[in-house]
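Undergrad: generate a structure from the sequence data that follows.
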Amino acid sequence: MSETMTWAQLFPPDRPPSLEELDRYAGNSLWPELRQYLKDAYGAEPRREYSRCGLEPGWNVKFKKGSKALTTVYLRPGYVTAMISVAPKDEAAAEGVLLTCTEETRERYRNTASSKMGRWLMLDLTSLEVLEDVKALLALRVKPR
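TA: Model (predicted):
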């Protein structure tokens, strides 16, 4: 893959990346760990979906348990970002979970605006500890098996 091409150029809407290409592009060892966790804990397989979002167009990866969205994952070279939605009804419980999370995750939560739809928390998988934060926050949305 060319280092000078953007994700959207490498994989236009009519050319979804394979799982191997996603892994190579992300270049982050925590990505396969997150994927395996979502499969084991929720039976969730990665679903590639193309986004035409003006900020970051291209393929992202969604995980669902049945019809319930768990997380959307955005890949960039060396980075994996998991979007975790915290519903308004779960915010009190999230405050408790955050006590066990990294300072990075607590700060991100504090700086993410709350709305009628909840908080859309964007967490970069930079360490095993942040991966554990993602798992804990996902459990608020859907209990793992």
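
Undergrad: do me a favour and get the end-to-end distance for stretch 89-103?
TA: 23 Å (Cα to Cα, to the nearest Å).

Undergrad: what's that stretch in contact with?
TA: With contact meaning Cβ atoms under 8 Å, 6 or more residues apart in numbering, stretch 89-103 is reached by 86, 105-106, 109, 114, 118-119, 127, 129-130, 133, 136-137, 139-141. Just so you know, the C-beta spots here come from the backbone N, C-alpha and C atoms, and that holds for glycine as well.

Undergrad: report the buried residues of that stretch.
TA: Neighbour counts over stretch 89-103 (16 or more other Cβ atoms under 10 Å) mark 90, 94, 97, 98, 101, 102 as buried.

Undergrad: in helices, which of these appear?
TA: With DSSP state H as the criterion, helices contain 94, 97, 98 from among the buried residues of stretch 89-103.

Undergrad: how far away is the second one from residue 50?
TA: To tie it back to what came earlier, the one meant is residue 97. For residue 97, the distance to residue 50 equals 32 Å [Cβ to Cβ, to the nearest Å].

Undergrad: what does the last one give?
TA: Residue 98 is 33 Å from residue 50, where distance means Cβ to Cβ.

Undergrad: got it, and the first one?
TA: In this structure, residue 94 and residue 50 are 30 Å apart, going by Cβ to Cβ.

Undergrad: chain neighbours aside, what residue packs nearest to residue 42?
TA: residue 65 (4.5 Å; Cβ to Cβ, 6 or more residues apart in numbering).

Undergrad: checking the residue most central in space within the chain next. Helix, strand or coil?
TA: Geometric centre of the chain, nearest residue: residue 82, 1.8 Å, by Cα atoms, centre = their mean. Of the three states, residue 82 takes strand according to DSSP: H, G, I helix; E, B strand; the rest coil.
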